[in-house]
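Asks: sequence unknown, structure follows:
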């Protein structure tokens, strides 16, 4: 059994929403580990098969980190639960000796849909995960981040800097996350903590695939046709990948010493802000 002192690391990152094998969270964890960070992988673990899949993805990412000589800790975390949030931060600090980077990646697209079709439950859940999750984690992590002059990177969306019909509560909550990013950058700067956000466009993830399904249904086209239409609006000529976003997050987390309050689009110069 290794002692806490043996496990201690000056570079420690906690990534929420890391439980999808081809998601932004998992890719970010791998990039941060390659940059020398000990990484805490978190996600909500639902009951049944979905929970098994999530835990399997977390374990697979942790194993990849270990195979490359890095260190990882799996921490179940529902970002809507204050007790679990506190436990996650406490376990991070106890295991690795501190916390220097917080990546608020957990999010939900449950609120995507025409405004008139969304009931209060979808608005409430969207707010609790997309906004309050970042609020809770940032609040509890702040003392530890301030000790190390750390940083927070929020995963917003181009839906947080533009608006398009049919994206409902997702647009509103991602705009709120952008506002939170700018507020925290202004307030936490004197303590040495930088706060930024990435705003991904259409990324080739499970969530991105679901979004393409919605676009296809609403336009009466096939998924292949919808994908081509989206790519046609992206000057770089392709969908983004989780690695594209993870690279931007890792840069903001560490190398961008004089960048704070920035909202960095990662969308290939898409014509539509939501592509």
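Replies: Received the coordinates, thanks. On a predicted model such as this, the values are computed, not experimentally measured, just so you know.
Asks: Please, where are all the strands along the stretch 1-150 of the chain?
Replies: 12-15, 38-43, 72-76, 101-104 (DSSP state E, counting those that start in this stretch).
Asks: Same list (those strands) but as a markdown table, adding distance to residue 133, mean neighbour count and mean pLDDT.
Replies: Placement of C-beta: from N, CA and C, glycine included. Shown next, in a markdown table, are the strands of the stretch 1-150 of the chain (distance: least, Cβ to Cβ, whole Å; neighbours: other Cβ atoms under 10 Å; pLDDT from 0 to 100):
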| stretch | distance to residue 133 | mean neighbour count | mean pLDDT |
| --- | --- | --- | --- |
| strand 12-15 | 12 | 31 | 99 |
| strand 38-43 | 11 | 29 | 99 |
| strand 72-76 | 14 | 20 | 99 |
| strand 101-104 | 7 | 30 | 99 |
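Asks: and those as TSV, adding distance to residue 266?
Replies: Output for the strands of the stretch 1-150 of the chain, formatted as TSV (distance: least, Cβ to Cβ, whole Å):
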stretch	distance to residue 266
strand 12-15	16
strand 38-43	20
strand 72-76	24
strand 101-104	14
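Asks: What ranges in this protein fall below the confidence cut-off?
Replies: Residues of the chain that meet the criterion pLDDT under 70 lie in 1-9, 272-275.
Asks: Give me the most central residue, it.
Replies: residue 105 (1.5 Å; Cα atoms, centre = their mean).
Asks: separation between that residue and residue 159?
Replies: Distance of residue 105 to residue 159, given as Cβ to Cβ, to the nearest Å: 15 Å.
Asks: just residue 108 next, same as before
Replies: Using Cβ to Cβ, we find residue 108 at a distance of 13 Å from residue 159.
Asks: picking that back up, would you mind saying which of the strands of the stretch 1-150 of the chain lies nearest residue 93?
Replies: Nearest of those to residue 93, taken as Cβ to Cβ: strand 12-15 at 8.1 Å.
Asks: coming back round to it: indicate which one of the strands of the stretch 1-150 of the chain is closest to residue 235.
Replies: Residue 235 sits nearest to strand 101-104 of all the strands of the stretch 1-150 of the chain, at 27.5 Å, using Cβ to Cβ.
Asks: Pairing partners for the closest one, with directions?
Replies: Sheet partners assigned to strand 101-104 using DSSP bridges are listed as strand 12-15 (parallel), strand 151-155 (parallel).
Asks: next one: the longest one to chain centre, how far?
Replies: This points to strand 151-155. The chain centre lies 8 Å from the centre of strand 151-155; the measure is Cα atoms, centre = their mean, to the nearest Å.
Asks: picking up where we left off before, looking at the strands of the stretch 1-150 of the chain, spot the one closest to residue 207.
Replies: That would be strand 38-43 among the strands of the stretch 1-150 of the chain, by Cβ to Cβ, at 13.6 Å.
Asks: higher neighbour count, residue 108 and residue 159?
Replies: In this view residue 108 and residue 159 are compared by other Cβ atoms under 10 Å, and residue 159 has more residues nearby, 26 against 21.
Asks: Is that one in contact with residue 174, as I believe?
Replies: Yes. Contact criterion Cβ atoms under 8 Å: residue 159 and residue 174 qualify, at 4.6 Å.
Asks: Just to check, residue 92 is in contact with residue 73?
Replies: Yes. Look at residue 92 against residue 73 with Cβ under 8 Å: they come within range, at 7.2 Å.
Asks: For the stretch 1-150 of the chain, which segments count as helices?
Replies: 4-7, 24-34, 48-67, 82-96, 120-130, 132-148 (DSSP state H, counting those that start in this stretch).
Asks: Pick the most deeply packed of those.
Replies: Among the helices of the stretch 1-150 of the chain, ranked by average contacts under mean count of other Cβ atoms under 10 Å, first place goes to helix 24-34 (a mean of 26).
Asks: so that one versus strand 151-155, what angle?
Replies: Between helix 24-34 and strand 151-155, the angle comes out at 150 degrees (axes from the mean of the first three to the mean of the last three Cα atoms, to 10 degrees).
Asks: For helix 24-34, which helices and strands make contact with it?
Replies: strand 12-15, strand 38-43, helix 48-67, strand 101-104, helix 242-250 (3 or more Cβ pairs under 8 Å, 6 or more residues apart in numbering; DSSP states H and E).
Asks: how about 7 Å then?
Replies: strand 12-15, strand 38-43, helix 48-67, helix 242-250 (3 or more Cβ pairs under 7 Å, 6 or more residues apart in numbering; DSSP states H and E).
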